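Participant: Build me a model:
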Amino acid sequence: MKKQLFNILIIFILLLLPISCKKNELKKPTDVTFKMDINRNVSQQGHLVFNVLIQDFTIEGERKEGESVSFSKSFPQGLNINFSPTNSISELVFDIPQGDYYSLVIDFSTKYNNGNSNLTVKGTYTNTSGVSTPLIYEFRDDDNISIVGEDDEGDATIVLSKDTPVNTLIKFDPIYWFAPVSNNLLDNATLENINGVQTILVNSSTNEDIYDLVVDRMEETALALW
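Facilitator: The predicted model follows:
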């Protein structure tokens, strides 16, 4: 009888071993870095140049097997992004558990950022007379900019493996964002004194007509290619 119970116990342990090993495998991390780029074509107006200041960066993922994952980094002073299709951003490095992901979403969130700008687009507007004016677009609503990730080969599943480091490309299209903003709107925009310089400031409380046109288009073309 004891021998029979011992044999049953051994079989039970052996059955549990693959499950335990698989759980451990799912915990092993994949080295993930990020690079960011923008649409480098000339805008229709030909007068806007962009860079982005990020204050919050969050990744949330759902796997076919294993627990969901969530990682977040905050940059209280803002993280200036040097746009490049090849250079990784040293501040955005994560160890993300390996697995087959059916959802990987990147959020630029302002909900817990005390009303500060979450994403800032800086540029220059040059009117038809050749006069240039700094332009600052601030996204700071109590909302998220969500970028849904996709496999760089178009596969619906994103596979992360501990043996294969990943460099994810996030691509913005501010030319598309500002496409519906006419020269007339910019020519008649309210100017704000920022550090002694007359500036076109666009946010949810200043030059709202321009802000509303841009914010509706921000998520439409943003991509994260894993």
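Participant: so the spatially closest residue to Leu79 that is not a sequence neighbour is in which element?
Facilitator: Nearest residue to Leu79 in three dimensions, chain neighbours excluded: Ile54, at 4.6 Å (C-beta to C-beta, 6 or more residues apart in numbering). The C-beta positions use only the backbone N, C-alpha and C, and glycine is treated the same way. The secondary structure element spanning Ile54 is strand 52-63 (assigned by DSSP states H and E).
Participant: For Val197, the count of nearby residues, please.
Facilitator: Taking other C-beta atoms under 10 Å as the criterion, the count of residues near Val197 is 10.
Participant: Next: Leu160.
Facilitator: Neighbourhood size, Leu160 [other C-beta under 10 Å]: 23.
Participant: could you pull out the helices for this structure?
Facilitator: Counting by DSSP state H, residue ranges of the helices within the chain are 2-27, 174-178, 183-187, 208-215.
Participant: among the helices and strands of this protein, which has the poorest mean pLDDT?
Facilitator: Taking mean pLDDT, DSSP states H and E as the measure, the helix or strand of the chain with the lowest value is helix 2-27, at a mean of 53.
Participant: all strands for this structure, in order.
Facilitator: Listed in chain order, the strands of the chain (DSSP state E) span 29-38, 52-63, 69-80, 89-97, 99-109, 119-126, 132-139, 144-150, 158-160, 166-172, 191-194, 197-202, 223-225.
Participant: in the last one, what counts as buried?
Facilitator: For strand 223-225, the neighbour count (16 or more other C-beta atoms under 10 Å) marks 224-225 as buried.
Participant: now do the second one
Facilitator: Judged by neighbour count using 16+ other C-beta under 10 Å, the buried positions of strand 52-63 are 52-59, 61, 63.
Participant: Which of those sits closest to Asp187?
Facilitator: Minimum separation from Asp187 among these (C-beta to C-beta) is found for Val52, which lies at 25.0 Å.
Participant: check contacts around the closest one.
Facilitator: 36, 80-81, 83, 119-121, 172 (C-beta atoms under 8 Å, 6 or more residues apart in numbering).
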